[in-house]
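> Below are the sequence and a predicted model for it; my questions follow.
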Amino acid sequence: MDHYLTALGWGVAILQALLYAALAPLLVGWVRKVKARLQNRRGASVLQPYRDLYKLLAKEARVAHTASPLFRAAPYVVFVATWMAAATVPLLAVDLPIAAVADIIVLVGLLALARVFLALAGMDVGTAFGGMGASREMLIGALAEPAMLMAVFTLTMTAHSTNLSSVIDHHLTDGFVLRPSYLFALGGLVLVTIAETGRIPVDNPSTHLELTMIHEAMLLEYSGRHLALMEWAAQIKLLLYGTLIANVFLPWGIGQGFGPAALGIGLVVVLAKLAALGVALAVGETVLAKMRLFRAPAFLNLALLLSLLGLLSHVILEVGA
Amino acid sequence: MSLTLLPLLQQGVLVLAAIVLFLSFVLLAQTRVLSAIHAFAWQGALVAAVTTVVAATGHSHHLYFSAALTLGLKALLIPWMLHRLARRLELDRHTESLQSPTLVTMAAVALVIFSYWLVLPMIQEELTFTRNIVAISLAVVLIGLLMMVFRAQAVAQVLGFMSMENGLFLAAVSATGGMPLVVELGVAFDVLVAMVLFGVFFLQIRESIDSLDVDRLNRLSETRGDGQ
Amino acid sequence: MTAALSMDMALALAGLAVAFALGSAILSLLAGRVPAVLRLVATPLLGLGGLAALGAGLTALVLGGSVQATLPLGLPWLPWHVRLDPLAGFFLSVIGVVTCAVGLYGPAYVRGFEHGKDSLVALGGFSGLFLTGMLMVVLADDAFLFMVAWELMSLSSYFLVAFHHEQAANRRAAFLYLLMAHVGGLMILLGYGVLAGFGGGFAFDQLRAAELPAVWAGVAFALAFIGFGMKAGLVPLHAWLPEAHPVAPSHISALMSGVMLKVAVYGFVRVVFDLIGQFHWQMGVAVLGVGSLSALMGVLYALMQTDLKRLLAYSSVENLGIVFIGLGLSLLFLSAGFQSLGALAFVAALYHALNHAVFKGLLFLGAGAILHSTHERDLDQMGGLLRRKPWTGLFFLVGVLSISALPPFNGFVSEWLTFQAALQAWQLESGVLRSLIPIASAVLALTGALVAVTFVKVYGIAFLGQARSRHVRRARPGPWGMQAGQGLLAILCLVLGVLPTGVIGLMDTIPLGILGTGLPQAGARGWLWLTPVSPQTASYSGPLVVVLLAGIGLVAFWGLNRLWTRGAPVRWVRRSDAWDCGFAPPSARMQYTATSFSQPIRRVFGLLFLIDESVSPQEDGQLRHRLKIGDRAWGLLYLPVAHAVESAAKRVVRLQSGNVRVYLGWTLATLVGLLWIIT
């Protein structure tokens, strides 16, 4: 651990955190663009999310009379917790000092912290929609979180470490190994990603149709800079899950040192992987229809089952004494 | 045994076997008849794939033949027959929900662990690879039986039965490098005949009691003769 | 020499704590005449007792030795032994911390009873005896004193549960509590009997030295597990707990849920880990299974409740489940010979016990503060309390975040440690255990997520939104004493979460004393890093997480509100009506209620509850919705047992002819029979 607690390491960690914040809108813009092309529309520019964020940040914020101080604090908590969770996922290079500060269980905890504040903020003003969104978000979160932890435990039991950097290192040294458990864990994690980032078929990020909203229902009362922070946090969350899938299951190309060449290659490779994932997400959203709310538990049970089978097949097939 | 020491093809067998197990779970929890038939077809195809890979690693040519046989029979012919039957019996939009899917799934997970525990005594070093596959096969067989216990619908029962057969075949192929060709042919023929008989049987019970719910077939009970 | 001296001082301090508690009980006798005694003297004395216990406990933990003494009390040939070692010291500290907060909080709270018709003497007297009992259980060094103190604790808390005895439901709860406490006590007594049969005496030293065959060790373990598990409220023996804990006065509920359950954990640890001292994997599986079941069922039932205090009581069942998951893991690792992993799971369990005492105490005190100013326990009547009781709201939020296991608060640390222990399952030889442990950790993960749902519901319904009833709308901030009590515990929640390395360094002496292994790796990199197994395996830095979270948050806030203001000196927000998709301004009745919030979960996990729901039209054309959620444990366990006992009693009743000579005949027969057996 000591060997990477260096000033250079911290510098790269900060650079990586800034990259997360900077790239997150781009990924959302990319997914929207691909989706539009698939649906024979021209679609807005890939840079549109940046313009939206800038506009919202500059606008005046309105807050309901009935809102408490928690309503105004929540966007900052949600944004910071999500951002910090993202910063612990290796984007460009492994062996960053931030990985020692917070391992993957802490990452799940930070995301849960953001979710709790999001739900509380939804309930704060006292509208019917806010409560509805909070109740549904917590239901989905409650089923998705254990599935995510199980998937992650499969990885950590293989690598004997909960430190994400060590997990990726372990993979790189092992070379290409076909692990049944990873297949299941990947399946579980993909389903969790879809549920947690509010994509079709669990939630629809672009709807304001009252009865089907989950994530948007909690943000209804937000405006201006508060809304900007909430939206930005959601975008970072999508990037976080994308990077997690791309860099943990397909780690090849990630920088193993802090030299400019390694970092540059790492950036290019991860961008390519994320672009491919974005296309996959857009295709999925185009061909699938949103489910009824009470189909979502079945969807997440499948995720939980996949993750659990991942753990079991790790124990049965891969370590048998 | 460390997975990293195995050759890539054997890793492939493990992956395929694990997916076969997963499909057993899908079969167990699937409520739509047609989707269940599709899952069964995929399971058959995967068993055929395992057979092919084992044939490639072991250079036993007759296994290629049984792979083709499995593919033709389990992945194509029987699913196609079931499909046609389901249409004729107007079951395509029929759904049947389990009483408590979570509990049944947990029971299946328990069976997986139980089968793993059963094979633990096989401790010869060179057998560890085989042993784990046998554990998976045993679990597939037990889950097939579990499915027959918990699903009342006759088509689902047949699927459970056939998936048990898949499990046995998987064990035979991976543990002993396949049965003699004659036995395999015999078994395949049996399965086919069973399928035809099931088809006739479905039509009959459908005509006589106007349902495919096997819970209605309680007449044979001595104590509750009025089972209907 | 100095160490021994200081340990003696620690024991003296513990004696002082007991004296304070007894003094509080005795002085309360005056409260019948001068009501203010309870508020001004007796309750603060409880707090002082807590402070002394905390001092004694911390000293014992720091020094790590043990000291024994014999009291000139008890029966002539059976004097009472007391002993203070790190394990006892840890639980003394747990008792002490919560009691301190109760001592701060209590005076203002009991003031509300001064003008009622409830007996102040009973409240003060039994509170003092209750604390005395708990302290003596932890200090006892022989089975005899242990049982006396245990019964003192059970009986005095029975009277506290029955404090509001005007309502029949409370009397029923108290009776059930008494019954269960006694069945549990009987089991514990039998367990000690088994140990004493092999040890040749009732002092703990003799019990510890007893060489038990594996079967009898199993029997003693089973008896202790049932007995202490009953007191700790483990599923399926939990049904008394959500009936009994909520009906006591709130500061006593905090003591019962926060501390008394920990005394049961202490008893279990003392008997199983220390006295029996042999570990079998069957024990581990049993404890792990029951713990997982308790955790999951506890939180699911908690989620369904609308009565705030009842909800908190069910959540105690869940947290004790988590503690026992940790203990089960520890037993499994110890039985397989992994001493240091066993110590890790053990410390994780104890850490969670401490954390639960702190945050559950805090939440019960918060519930008491709401009850004090609104006389309301029903969540569906609350709303908007954050703006009316800002400090209580803030402290309650800390409690909510802690219990939901969110970083950087304390609940997260103990859950993290438990996960770390579970993730070492790959080292075990047995493949079946290797696959059981991940399933238990899946249950733990699901539990953690459901706890977050439960407490988002509590906080969102009670403190946010708009008030749903008139008396809640008129709630006022409570007296400062009540807020100080909550504040103390809230600060502890943060400290225990941010500086886990220091806390674990302190706790290291407990496993060293009992299991012979500590956690040498935990603080290997200094106070900033928590590395329970090794730095390569896992590390967590609470201080850095807090600094980063707070730092980035403040920078973002400052940047958006002060720095980038587009001309104005400061950017404010503008207030307006809620938008709500452009519908009419929302009224309080349009909000989600606690029942509607938990409806999706009720539907998903429907089979686990006994749901009785009906919608019936009324005469005035309105619809009336009725929902009752029952505990399945009643139908599956309690009622059959009750029926069996009842029918057995009906048979026995034939013996009662009413004729005195027949009774004498039975006595004669019994006597002859007994004499025959003895010879």
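Nice, I can see it.

> When you work out contacts or count neighbours from here on, use the C-alpha atoms and nothing else.
Will do.

> quick one: secondary structure of residue C:654?
Three-state secondary structure (criterion: DSSP: H, G, I helix; E, B strand; the rest coil) places residue C:654 in helix.

> Model confidence for it, exactly?
Model confidence at residue C:654, expressed as pLDDT, equals 76.

> what about it, how many neighbours?
Other residues within reach of residue C:654, judged by other CA atoms under 10 Å in any protein chain shown, total 9.

> Next: residue B:199.
Residue B:199 is flanked by 18 other residues according to other CA under 10 Å.

> May I have the residues that are in contact with it?
Residues in contact with residue B:199, defined by CA atoms under 8 Å, 6 or more residues apart in numbering or on different chains, are B:82, B:85.

> Residue of the stretch 51-200 of chain A nearest chain B, please.
Going by CA to the nearest CA, chain B is nearest to residue A:180 of the stretch 51-200 of chain A, at 4.3 Å.

> Next up, identify which helix or strand the closest residue to that residue other than its chain neighbours is on.
When the adjacent residues along the chain are set aside, residue A:180 lies closest to residue B:15, with 4.3 Å between them (CA to CA, 6 or more residues apart in numbering or on different chains). When elements are defined using DSSP states H and E, residue B:15 is found to belong to helix B:8-29.

> Ok, residue A:13 next?
Take DSSP H and E as the rule and residue A:13 turns out to sit in helix A:7-38.

> Can you give the contact residues for stretch A:223-241?
Stretch A:223-241 is contacted by residues A:20-21, A:23-25, A:27-28, A:53, A:56-63, A:72, A:75-76, A:78-79, A:82-83, A:85-86, A:89, A:193, A:197, A:219, C:560 when judged by CA under 8 Å, 6+ apart.

> So which of the residues you listed sit within strands?
Taking DSSP state E as the definition of strands, the contacts of stretch A:223-241 contribute A:62-63.

> Separate out the buried members of the contacts of stretch A:223-241.
Neighbour-count burial (16 or more other CA atoms under 10 Å in any protein chain shown) applied to the contacts of stretch A:223-241 gives A:20-21, A:23-25, A:27-28, A:53, A:56-57, A:61-63, A:72, A:75-76, A:78-79, A:82-83, A:85-86, A:89, A:193, A:197, A:219, C:560.

> Now do the SS call for the closest residue to chain B within the stretch 51-200 of chain C.
Shortest the stretch 51-200 of chain C-to-chain B distance, computed as CA to the nearest CA: residue-wise this is residue C:180, at 30.4 Å. Three-state secondary structure (criterion: three-state DSSP) places residue C:180 in helix.

> so what's it up against?
The neighbours of residue C:180, taking CA under 8 Å, 6+ apart as the test, are C:230-231, C:240.

> circling back: from the contacts of stretch A:223-241, which are also near chain B?
When those are filtered against chain B using CA under 8 Å from any CA of the partner chain, no residues are retained.

> what sits against the residue nearest to residue A:180?
Neighbours of residue B:15 in contact, by CA under 8 Å, 6+ apart: A:178-180, A:183.

> can you check residue C:18 too?
C:49, C:131-132, C:135-136.

> With residue C:122 instead?
Neighbouring residues of residue C:122 by CA under 8 Å, 6+ apart: C:28, C:159-160, C:163.

> on that earlier part again, isn't the residue of the stretch 51-200 of chain A closest to chain B up against residue B:10?
No - taking CA atoms under 8 Å as the contact criterion, residue A:180 and residue B:10 are not neighbours in contact, 11.4 Å apart.

> And stretch C:221-234, what's buried?
Buried-residue list, stretch C:221-234, by 16+ other CA under 10 Å: C:221-234.

> neighbouring contacts of that stretch?
Defining contact as CA under 8 Å, 6+ apart, one finds that stretch C:221-234 is touched by C:180-181, C:183-188, C:190-191, C:237-241, C:261-262, C:264-265, C:267-268, C:271-272, C:276, C:283, C:290-291, C:294, C:317, C:320-321.

> Which residues of chain B lie near chain C?
Near chain C, the residues belonging to chain B are B:100, B:113-114, B:116-117, B:120 when assessed by CA under 8 Å from any CA.
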